[in-house]
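Build me a structure from this.
(chains A and B)
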Amino acid sequence: AQSVTQLGSHVSVSEGALVLLRCNYSSSVPPYLFWYVQYPNQGLQLLLKYTSAATLVKGINGFEAEFKKSETSFHLTKPSAHMSDAAEYFCAVSGTGGGNKLTFGTGTQLKVEL
Amino acid sequence: SQTIHQWPATLVQPVGSPLSLECTVEGTSNPNLYWYRQAAGRGLQLLFYSVGIGQISSEVPQNLSASRPQDRQFILSSKKLLLSDSGFYLCAWSPGTGGRSYTFGSGTRLTVV
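From the prediction side, this is the model:
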């Protein structure tokens, strides 16, 4: 079975500071990996996805993530946090069985302070 | 373009009452469809998924059921709600062939009282 672990359920940064949200995956096959963002009482929006084409993936809103097979990691970063980045972020990995099932981490709540 | 509609946005139901949440997708055919439940601090739990009309796979035993009467319609139901059914329910779709990104609906906040 595939799984992801998000380290830190809450992360707080100052506006303009680096954002780093951690995600480690477990997979017996080359994975597809995703980062989603959720604003309060809304659905999830895709930030970026890794599909083995390139290890550094750029997404929307200035976010990017690097796939590191040796570390089984797919951490999400943004050079400079903005107040509008405050939200919950989910890492996910695709399954190997039928139905294209995604397994999500437990999420990281990002708080951006002035 | 493809869109996904989920309703209602909020719902307050008494214990023991029935439930029906509906999700429809437009602009695509033969999508994979999913129901997730989100509880605070527990991430998203996959409840059901469907790869075609009438094909439902259940991921966890529970008080809920799902149906797919049409290609782009996915319904989540319960005959008798429990307090533990409270949560935020999300519908999602992905392409049936290739591509693995999900597109999510806006969610339904269900409170069982």
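
Which pLDDT value belongs to B:Thr97?
pLDDT recorded at B:Thr97 is 61.

Could you report the distance from A:Val57 to A:Val112?
For A:Val57, the distance to A:Val112 equals 22 Å [Cβ to Cβ, to the nearest Å]. The way it works is simple: take the backbone N, C-alpha and C, and place the C-beta from them, glycine included.

next one: B:Val113
35 Å.

same thing with B:Tyr89?
28 Å.

the more surrounded of these two?
B:Tyr89 (23 against 19; other Cβ atoms under 10 Å in any protein chain shown).

What sits closest to that one if chain neighbours are left out?
Nearest non-adjacent residue to B:Tyr89, counting by Cβ to Cβ, 6 or more residues apart in numbering or on different chains: B:Thr108, 4.7 Å away.

was I right about the one you found contacting B:Gly87?
No. Contact criterion Cβ atoms under 8 Å: B:Thr108 and B:Gly87 do not qualify, at 9.2 Å.

Can you point out the buried residues in stretch B:29-48?
B:31-38, B:43-48 (16 or more other Cβ atoms under 10 Å in any protein chain shown).

How about stretch A:106-114?
Neighbour counts over stretch A:106-114 (16+ other Cβ under 10 Å) mark A:Gly107, A:Thr108, A:Gln109, A:Leu110, A:Val112 as buried.

which ones are touching residue 26?
Went with chain A since none was named. Residues near A:Ser26 by Cβ atoms under 8 Å, 6 or more residues apart in numbering or on different chains: A:Gln2, A:Ser3, A:Val4, A:Thr5, A:Thr72.

should've been chain B
Neighbouring residues of B:Glu26 by Cβ under 8 Å, 6+ apart: B:Gln2, B:Thr3, B:Ile4, B:His5, B:Arg72.

Mind doing that once more with 10 Å?
B:Glu26 is in contact with B:Ser1, B:Gln2, B:Thr3, B:Ile4, B:His5, B:Arg72, counting by Cβ atoms under 10 Å, 6 or more residues apart in numbering or on different chains.

Out of these, who's the most crowded?
B:Ile4 (23 neighbours).

Could you report the distance from the residue of chain B found nearest chain A to B:Ser58?
Here chain B gets closest to chain A at one residue, B:Phe104, 3.6 Å apart by Cβ to the nearest Cβ. Distance, B:Phe104 to B:Ser58, using Cβ to Cβ: 20 Å.

Specify the local secondary structure of the residue lying closest to B:Gly43 once chain neighbours are set aside.
Among residues not flanking B:Gly43 along the chain, A:Thr106 sits closest, at 4.0 Å (Cβ to Cβ, 6+ apart). State at A:Thr106, reduced to three classes by DSSP: H, G, I helix; E, B strand; the rest coil: coil.
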